[in-house]
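Peer 1: Fold the following, please.
(chains A and B, ligands or ions: 2)
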Amino acid sequence: MRVSLTTHGGLAAAITRQLPPRVADTDQLSPEVAAELRGLIDAVRGDPPGRPDPAARDAMTYTIVVEHGPEPTTLTASDTAMTKSFADLLDWVERNAA
Amino acid sequence: MSAHRTLSCITPPFILTRLLDSDNHAIRDAALSTLLTSAQLRGERGVRSLIAGALVTPGDGRRSIFDCRHSTFLPSATLVRSEGEADVADVSVNQAFNGLGTTRDFFRTVFQRDSIDGRGMRLLGYVHRGRHYNNAFWDGQEMVFGDGDGEVFSDFTGSLGVIAHELAHGVTEHTAGLEYHNQSGALNESLSDVAGAMVTQWFLQQTADQADWLIGAEVFTPNIDADALRSMKAPGTAFDNKLFGKDPQPDHMDRFVELPDTDQGDNGGVHINSGIPNKAFYLLATGIGGYSWDAPGRIWYESMKASTATTEFQGFADITLRKAEELYGTESREQQAVKEAWSGVGIQVSTTPTLRRQ
Ligand SMILES: [Zn+2]
Ligand SMILES: [Zn+2]
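Peer 2: Numbering: from 1, shown residues only, chains lettered A, B, ... in the order given. Ligands and ions are numbered 1, 2, ... in the order given. Got it, this is the predicted structure:
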């Protein structure tokens, strides 16, 4: 399984969208860490997404693509509409992805 | 580090609102964090509007800085510095505190505006938000700052221009209320950059000719070859490197960038096409000469207050010409400079409405 994170928008919108995605590959993770990642992804899938605050300015959006099996899954959130489960997954990707 | 307490969740919101005006710091801060926490946890519209009410009760623009400790969940942040309190050990906290104070003082001294809403709204700053977070934003009530990833970006509180940019989003919301997409969104972005530049120049007491007109020159790590996030003097030249390419900002209507009105398209390029009105303000400030916050700033500020949610570049340009005339007289040097500034970015303004183009 391969997980990649890209970001869009924000104060530095012109730059962030050009930055390479952060990627984690479960083949390169210990079984425990890979299992933790699967649990986090399942939690996001089970949560209804948050609603962005229309008053927000310079908020960033996040796209996490999970490639596993035939169909990739795309998970999205923004700074002002982030569920606890998405925040946990994002935190994991920021700590573990290359 | 002062571990703050929140008051019981069953304290009725109207009592908490009253406590915000307590002379006792500890009580005030506890009331504030309780209001914020409960509203964000429950996401209740009613509670949020109560808070909005509490925030606009004359607070004299009092500052509160919260430490997110790398969480993205703002209600769990800790209050670490309030108005009247001395420096703390954490540099980010002090930078946010000082930057918000300078911006508040700028609006008060230069435009006689009392904080974000003109009625002393409290200034709430959140630092150390998230992990590797390459951003700062305004969420409608608060200003939030990331530490940067440490590779490309560093701490966003390190830039006074960025802090002023975020606070100015609040001012725009309370005045023109410009919709955040396409041209009105790019104008919204530009007004924040103009505020960022003016506050920085005011702090340094620089004239338009002395200033560098860069926004966010301080947010990059030393490894990164970039001048800034944006250049108002020369949009499109703030950076050009292998890692993230060339600055895509246009400096003229001929190079306006059409982008989709989506998250991926930066809501129609609000951070891209802001280069056009940014350049117009730079041309005005250097055309008139002296301090940008004097006549140029006054014309822009009055024009922002006279704009609406759907004002676009041409409409704003027309308003600036009218404001220059009201403030400085018909055919004044200032009004002539406004005309030339917009002409320099491909927007023709005239006092004859029939010549107005879309
Ligand atoms: Zn902005
Ligand atoms: Zn930090």
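Peer 1: From here on, just use CA atoms for contacts and neighbour counts.
Peer 2: Noted.
Peer 1: buried stuff in stretch B:98-118?
Peer 2: Along stretch B:98-118, these residues count as buried under the neighbour rule (16 or more other CA atoms under 10 Å in any protein chain shown): B:98-108, B:113-118.
Peer 1: do stretch B:169-179 as well
Peer 2: Buried-residue list, stretch B:169-179, by 16+ other CA under 10 Å: B:169-173, B:175-179.
Peer 1: Close to ligand 1: what parts of the stretch 101-250 of chain B are there?
Peer 2: B:Glu189 (CA under 5 Å from the ion).
Peer 1: Kindly report the residues of the stretch 101-250 of chain B close to chain A.
Peer 2: B:130-132, B:134-140, B:166, B:169, B:173, B:180, B:229, B:243-245, B:247-248 (CA under 8 Å from any CA of the partner chain).
Peer 1: from these, which ones fall inside helices?
Peer 2: Mapping those onto helices (DSSP state H) picks out B:166, B:169, B:173.
Peer 1: Okay, the last one and B:Phe316: tell me how far apart.
Peer 2: Okay, so that is B:Glu173. 16 Å (CA to CA, to the nearest Å).
Peer 1: swap in the first one?
Peer 2: Counting by CA to CA, the separation of B:Glu166 from B:Phe316 is 21 Å.
Peer 1: ok, these two, which is more surrounded?
Peer 2: B:Glu166 (27 against 21; other CA atoms under 10 Å in any protein chain shown).
Peer 1: Domains in chain B, by residue range?
Peer 2: B:58-173, B:182-343 (automatic domain parsing).
Peer 1: Tell me which residue of chain A lies closest to ligand 1.
Peer 2: A:Asp58 (4.7 Å; CA to the ion).
Peer 1: Closest one of the ones in helices among the residues of the stretch 101-250 of chain B next to chain A to chain A?
Peer 2: Of all these, chain A sits closest to B:His169, with 6.9 Å by CA to the nearest CA.
Peer 1: so what's the residue lying closest to the closest one once chain neighbours are set aside scoring on pLDDT?
Peer 2: In space, and not counting its chain neighbours, B:His169 is closest to B:Ser192: 6.0 Å by CA to CA, 6 or more residues apart in numbering or on different chains. Here the pLDDT value assigned to B:Ser192 is 98.
Peer 1: In what element of secondary structure is B:Ser192 found?
Peer 2: helix B:182-204 (DSSP states H and E).
Peer 1: same for that helix, what does it pack against?
Peer 2: When contacts are defined as 3 or more CA pairs under 8 Å, 6 or more residues apart in numbering or on different chains; DSSP states H and E, helix B:182-204 packs onto helix B:91-111, helix B:160-174, strand B:214-215, helix B:266-269, helix B:275-288, helix B:313-328.
Peer 1: residues in contact with the residue of the stretch 1-150 of chain B at minimum distance from chain A?
Peer 2: As assessed by CA to the nearest CA, chain A sits closest to B:Asp139 within the stretch 1-150 of chain B, at 4.1 Å. By CA atoms under 8 Å, 6 or more residues apart in numbering or on different chains, the contact list for B:Asp139 reads A:53, A:55-57, A:59, A:80.
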